[in-house]
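K.L.:
dropping a prediction and its sequence here:
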Amino acid sequence: MDKRTPDNLQLLNEAFGQGTMDRIFSGESFTVDGIEFVSGYVPDSRADRFYIVKPPELIDRYRRLVSDASGGNIFELGIAEGGSTALLALWAEPRRLVAIDNESEPLAALEEFIVSRSLSDSVRPYYGVDQADRGRLHEIMAEEFGDEPLDLVIDDASHYYDFTVASFEALFPHVRPGGLYVIEDWEADIAMADAVARALQDPTSEYHEATKAAMRKQLAAKSAGEGDPVSVRRTPLARLILQIVLMCGGTTGAVADIAINKSFVAITRGDAELDPQVGPFLRDFAEFACRQRAVPDGFIEKLLRYYADRRQAGAPFLEAIVDPLALILSSTRFLYLVEPANAEADRDLDAF
């Protein structure tokens, strides 16, 4: 039995409360090839009984998605209690399944499952990997898949916009034409905002006082400049989904189709040639040009559309990259440095 208390589980309990978690994950179970799977997030997985952090209706939909990747290459972001990784291994029987997680300690139940089923060559978990670490994702891709494309990517990791964008930029170009890139819980920020609003507006709600206390705590952390900046001010993940919808409607051919439901978004890769290094290169160049300041949401995506349009028209790399770089170097963030209005004293100017 695994005695871990994952950091991810602690964050979920703090954000939602155990009661809400129990309602999301029903505790229902089912069996596949002698392995029991339980809908829930409890740090008690065993090699013959896994907790899978998905509600039953989402698990049913996954069965249909996985069938198209049977025997292929799969990349999963987010291991949690190992249930989804073990289930993918049994359902899809992949040529190779790579799964990453930001938790540093290996999950003993999953390791035992892999050994007992003689899956060490096909199921490859990586721990202590940040999904926003593009360089590490590229290394893992090269090591595990070489030049082979991916048939399916499933992102059930942080659900933070910036982190999810980083993974998408790194991995989507590796998906084969017709393959799927799935992003789970895209609506989490919207659902959370609605739930908080309902709890605050209804004094009789059992969550009213707890929600008020949590809001006060976050506001105090924000005013004091403390706490996790991602949780204090974060861009909804839904923004990325809207940007991908625009990609689907464009002429670049990068996205062939997009299917959306309340649980996940399934993006079908188009047949356009994509360079997995261009997105990270443009983002790094833009942030350096803008004096290490974060670029506005959607800016890099617009640059990539310019680049993809030129490549689609037959332009070589050195010609296609010119317009995106010119847009960076003509942007107001590069040309001007706006000092904060509340600065206590003037600063000496330097090269940046």
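P.N.:
Cool, the structure landed.
K.L.:
C-alpha from now on. contacts and neighbour counts both.
P.N.:
OK.
K.L.:
could you give the mean pLDDT of stretch 27-45?
P.N.:
Per-residue pLDDT values over stretch 27-45 give a mean of 92.
K.L.:
ends of that stretch, what's the gap?
P.N.:
13 Å (Cα to Cα, to the nearest Å).
K.L.:
buried sites along it?
P.N.:
Neighbour-count burial for stretch 27-45 flags G27, I35, E36, F37, V38, S39, G40, Y41, V42, P43, S45 (criterion: 16 or more other Cα atoms under 10 Å).
K.L.:
wait, doesn't the second one sit right on D48?
P.N.:
Yes. Taking Cα atoms under 8 Å as the definition, I35 is a contact partner of D48 at 4.9 Å.
K.L.:
where does the stretch 151-300 of the chain have low pLDDT?
P.N.:
Scanning the stretch 151-300 of the chain for pLDDT under 70 picks out 192, 195, 222, 225-233, 250-252, 297.
K.L.:
try 50 this time
P.N.:
229-232 (pLDDT under 50).
K.L.:
show me where it has strands.
P.N.:
With strands called from DSSP state E, counting those that start in this stretch, the stretch 151-300 of the chain shows them at 175-184, 255-260, 264-269.
K.L.:
returning to what we had before: what touches both of I35 and D48?
P.N.:
Shared contacts of I35 and D48, defined by Cα atoms under 8 Å, 6 or more residues apart in numbering, are absent.
K.L.:
ok, Y160 - contacts?
P.N.:
Residues near Y160 by Cα under 8 Å, 6+ apart: V230, R234, T235, P236, L237.
K.L.:
same question but for E184, I mixed them up
P.N.:
Counting by Cα under 8 Å, 6+ apart, E184 makes contact with I154, D155, D156, H159, S263, F264, V265.
K.L.:
that one and D155, how far apart?
P.N.:
The gap separating E184 from D155 is 6 Å, by Cα to Cα.
K.L.:
go on, L90?
P.N.:
Counting by Cα to Cα, the gap from L90 to D155 is 19 Å.
K.L.:
these two - which one has more neighbours?
P.N.:
Remark: of L90 and D155, D155 carries more neighbours, 23 against 15, as counted by other Cα atoms under 10 Å.
K.L.:
chain neighbours aside, what residue packs nearest to F334?
P.N.:
C290 (4.8 Å; Cα to Cα, 6 or more residues apart in numbering).
K.L.:
how many other residues sit next to the one you found?
P.N.:
Count around C290 with other Cα under 10 Å applied: 21.
K.L.:
what do you get for L219?
P.N.:
Residues within reach of L219, counting by other Cα under 10 Å, total 14.
K.L.:
again with V175
P.N.:
24.
K.L.:
who's T268 bridged to?
P.N.:
T268 has these beta-bridge partners by DSSP bridges: L180, D257.
K.L.:
I'd assumed L180 was in contact with it.
P.N.:
Yes. Assessed by Cα under 8 Å, T268 is found in contact with L180 at 4.7 Å.
K.L.:
the more surrounded of these two?
P.N.:
Set side by side, T268 and L180 show more neighbours around L180, with 28 against 23, by other Cα under 10 Å.
K.L.:
surely the more buried one is in contact with F264?
P.N.:
No. The criterion here is Cα under 8 Å, and L180 misses it with F264 at 11.9 Å.
K.L.:
which residues make contact with stretch 112-119 from outside it?
P.N.:
Under the contact criterion Cα under 8 Å, 6+ apart, stretch 112-119 has outside partners A47, D48, A86, S120, V123.
K.L.:
list the contacts of the residue nearest in space to the middle of the chain.
P.N.:
Among the residues of the chain, the one closest to the centroid is T164, at 3.3 Å (Cα atoms, centre = their mean). Shown in contact with T164 (Cα under 8 Å, 6+ apart): Q131, A132, D155, S158, L237.
K.L.:
how far away is the last one from F163?
P.N.:
In this case it means L237. Counting by Cα to Cα, the gap from L237 to F163 is 10 Å.
K.L.:
tell me which of these two has more neighbours.
P.N.:
A side-by-side neighbour count of L237 and F163, using other Cα under 10 Å, places L237 first with 23 against 17.
K.L.:
tell me which of the contacts of T164 is nearest to P106?
P.N.:
Q131 (16.4 Å; Cα to Cα).
K.L.:
can you give me the helices for the stretch 101-250 of the chain?
P.N.:
108-116, 134-145, 161-171, 188-201, 208-223, 229-232, 238-249 (DSSP state H, counting those that start in this stretch).
K.L.:
right, so those helices: which one is the most enclosed?
P.N.:
helix 161-171 (a mean of 20; mean count of other Cα atoms under 10 Å).
K.L.:
got the phi/psi numbers for L77?
P.N.:
Main-chain dihedrals, L77, degrees, to the nearest 10: phi -110, psi 110.
K.L.:
again with A99
P.N.:
Here A99 shows phi and psi, under degrees, to the nearest 10, equal to phi -130, psi 130.
K.L.:
ok, so what distance separates it from E105?
P.N.:
Taking Cα to Cα, one finds A99 at 14 Å from E105.
K.L.:
what about R61, how many residues nearby?
P.N.:
So R61, with other Cα under 10 Å, has 12 neighbours.
K.L.:
meant to ask about Y62, not that
P.N.:
Other residues close to Y62 by other Cα under 10 Å number 16.
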